[in-house]
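Q: Mind folding the following:
(one chain, ligands or ions: 2)
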Amino acid sequence: MPKIVDAKVIITCPGRNFVTLKITCDDGTTGVGDATLNGRELSVASYLTDHVIPCLIGRDAHRIEDVWQYLYKGAYWRRGPVTMTAIAAVDMALWDIKGKIAGLPVYQLLGGASREGVMVYGHANGTTIEDTIEVALDYQAQGYKAIRLQCGVPGMASTYGVSKDKYFYEPADADLPTENVWNTAKYLRVVPELFKAAREALGWDVHLLHDIHHRLTPIEAGRLGKDLEPYRPFWLEDATPAENQEAFKLIRQHTTAPLAVGEIFNSIWDCKDLIQNQLIDYIRATVVHAGGITHLRRIAALADLYQIRTGCHGATDLSPVCMAAALHFDLSVPNFGVQEYMRHTPETDAVFPHAYTFENGMMHPGEAPGLGVDIDEELAAGYEYNRAFLPVNRLEDGTMYNW
Ligand SMILES: O=C(O)[C@@H](O)[C@@H](O)[C@H](O)[C@H](O)CO
Ligand SMILES: [Mg+2]
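A: Ligands and ions are numbered 1, 2, ... in the order given. Alright, predicted model coming up:
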């Protein structure tokens, strides 16, 4: 059996911070796992270094399920983004090792391909509706079958999802949290206009998505969903903060717009009621923040009972290691919906050489044994950690709000 003899945490910052766990076995096989938690990277690095790695040394790397249960139940303090991101990194690395030793890409170990490729969605954003449509047309020309639309809000200095750079969106933009300002009424006026213009420019053969980013009350989300129904949104994401899973009942009473939630969920318990009461249509939990491939498969299996599909988070603050693992999961899971794909910069891609490919709106993890991704430690060492916080958000009167 491949015994774990070493494990280390690599922190690198090729334009943004990434945390990677690398596990080494006595036969020399190594595996990598993404452990990046945007704005809280060092918490996960410490959890791994100080509390997880000492317990890994000497264990059988093939015992993925037992290691998962050991790290989950053995922590006593269960769940939470830091704990579950650390467990996810170990899980990804062990699947990587198992695939390499078996000489198979991880998707083959998960039951093989259930489809020819993974449909992904890109991010079209712009200060104005016109700017956003222009970028969306470019994504359509690149072959994307699904495009997320986020535009600026007249009268607001900034809003979620709109960046200076139209193709690379990194919200963690300062050494201390940037203060954003929010006005729901202004936002609710512009989004229906955006979707109307998008359907006129892009037609009906492309999926259009939108991320509300936790900023509406349930009834406001019901209002927006109703306003967007004529434009057939593929989904409305994070319509309202999901700590109260019941809140989605109120949204469901008012709109048939499909709902997607879950990128900030870290376990099946966060989404169990949403799934069992069919309050959502897509579950966005990810490999890196929801306990790895092992746990995400359980979430997807529960969702499948209720015809809910996967729509994994895939922002640039999830590293190429997570993207590779996600694509193996996406290729195999029966109730796949769509995969978010915010391209990484060439700088990041150079640090994380990978086998996955993009072509004509679809992605594939490749046939390399394991996850088909690695970290170039020499290159990584050249990028010092650079503290960066996600912004905070306030209403115009100064009231703290959801970012
Ligand atoms: O759907 C998304 O991709 C967003 O919600 C993310 O950009 C999110 O804001 C970041 O991943 C937070 O780090
Ligand atoms: Mg989101």
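Q: Let's see the longest helix belonging to the chain as CSV, backbone CA atoms only.
A: Counting residues, the longest helix found in the chain (DSSP state H) is helix 81-102. The C-alpha coordinates for helix 81-102 follow below in CSV (Å, rounded to 0.1, in the frame of the first residue of the first chain):
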residue,chain,number,x,y,z
PRO,A,81,-15.2,26.7,5.4
VAL,A,82,-11.7,26.3,6.8
THR,A,83,-12.1,22.7,8.0
MET,A,84,-13.9,21.5,4.9
THR,A,85,-11.5,23.2,2.5
ALA,A,86,-8.6,21.5,4.3
ILE,A,87,-10.3,18.1,4.1
ALA,A,88,-11.1,18.8,0.4
ALA,A,89,-7.4,19.4,-0.3
VAL,A,90,-6.4,16.1,1.2
ASP,A,91,-9.2,14.3,-0.6
MET,A,92,-8.2,15.8,-4.0
ALA,A,93,-4.6,14.8,-3.4
LEU,A,94,-5.5,11.2,-2.5
TRP,A,95,-7.7,10.8,-5.6
ASP,A,96,-4.8,12.2,-7.6
ILE,A,97,-2.5,9.6,-6.1
LYS,A,98,-5.0,6.7,-6.6
GLY,A,99,-5.4,7.7,-10.3
LYS,A,100,-1.6,7.9,-10.9
ILE,A,101,-1.0,4.5,-9.3
ALA,A,102,-3.9,2.9,-11.3
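Q: for that helix, the distance to its chain's centre please.
A: Chain-centre distance of helix 81-102: 16 Å, with CA atoms, centre = their mean, to the nearest Å.
Q: For that helix, name the packing helices and strands.
A: Under the contact definition 3 or more CB pairs under 8 Å, 6 or more residues apart in numbering; DSSP states H and E, helix 81-102 sits against strand 18-25, strand 30-34, helix 41-46, helix 64-73, helix 106-109, helix 292-305, helix 320-332. (C-beta placed from N, C-alpha, C; glycine too.)
Q: OK, now which residue of the stretch 301-403 of the chain is nearest to ligand 2?
A: Distance from ligand 2 to each residue of the stretch 301-403 of the chain (CB to the ion) is smallest for H313, at 6.4 Å.
Q: and what of the chain?
A: Closest point on the chain to ligand 2, by CB to the ion, is D211, at 4.3 Å.
Q: Pull the contacting residues for the residue nearest the centre of the chain.
A: Closest residue to the average C-alpha location of the chain: H313 at 2.2 Å, with CA atoms, centre = their mean. Residues near H313 by CB atoms under 8 Å, 6 or more residues apart in numbering: G262, E263, R284, A285, T286, H289, E340.
Q: Pretty sure the fourth one sits against K272.
A: No - using CB atoms under 8 Å, A285 makes no contact with K272, being 11.5 Å away.
Q: Neighbour count: the two, which is higher?
A: A285 (28 against 13; other CB atoms under 10 Å).
Q: Tell me the secondary structure at that one.
A: Secondary structure state of A285, per DSSP: H, G, I helix; E, B strand; the rest coil, is coil.
Q: what about it, distance to V206?
A: According to CB to CB, to the nearest Å, A285 stands 25 Å off from V206.
Q: Just give me the neighbour total for the closest residue in space to V333 that isn't next to it in sequence.
A: Among residues not flanking V333 along the chain, A300 sits closest, at 4.9 Å (CB to CB, 6 or more residues apart in numbering). By other CB under 10 Å, the residues close to A300 number 24.
Q: do the same with the one 5 residues further on
A: Counted with other CB under 10 Å, the burial measure for L305 works out to 10 neighbours.
Q: wait, what's in contact with it?
A: Under the criterion of CB under 8 Å, 6+ apart, the contact list for L305 reads I275.
Q: Quick check: the farthest pair among the contacts of H313?
A: Farthest pair in the contacts of H313 (CB to CB) is H289 and E340. Separation: 12.9 Å.
Q: Which of those two has more residues huddled nearby?
A: H289 (29 against 25).
Q: isn't the more buried one right up against F265?
A: Yes - judged on CB under 8 Å, H289 makes contact with F265 at a distance of 7.4 Å.
Q: between the two, what contacts are shared?
A: With CB under 8 Å, 6+ apart, H289 and F265 have no common neighbours.
Q: Tell me who's in contact with the residue nearest to V333.
A: By CB under 8 Å, 6+ apart, the residues touching A300 are I283, T310, F329, V333, P334, N335.
Q: All the helices of the stretch 51-200 of the chain, residue numbers only.
A: Secondary structure of the stretch 51-200 of the chain (DSSP state H, counting those that start in this stretch): helices at 53-56, 64-73, 81-102, 106-109, 129-141, 184-202.
Q: ok, the closest residue to N125 other than its chain neighbours - how many residues close by?
A: Ranked by CB to CB, 6+ apart and with sequence neighbours excluded, the top spatial neighbour of N125 is Q150, at 4.4 Å. Here the number of neighbours of Q150 (other CB under 10 Å) works out to 23.
Q: hang on, Q150 packs against L208?
A: No - contact criterion CB under 8 Å: Q150 and L208 do not qualify, at 11.2 Å.
Q: In space, what's closest to the residue of the stretch 301-403 of the chain closest to ligand 2 - neighbours in sequence excluded?
A: E263 (3.6 Å).
Q: Using the three-state scheme, assign that neighbour.
A: Under three-state DSSP, E263 falls in the coil class.
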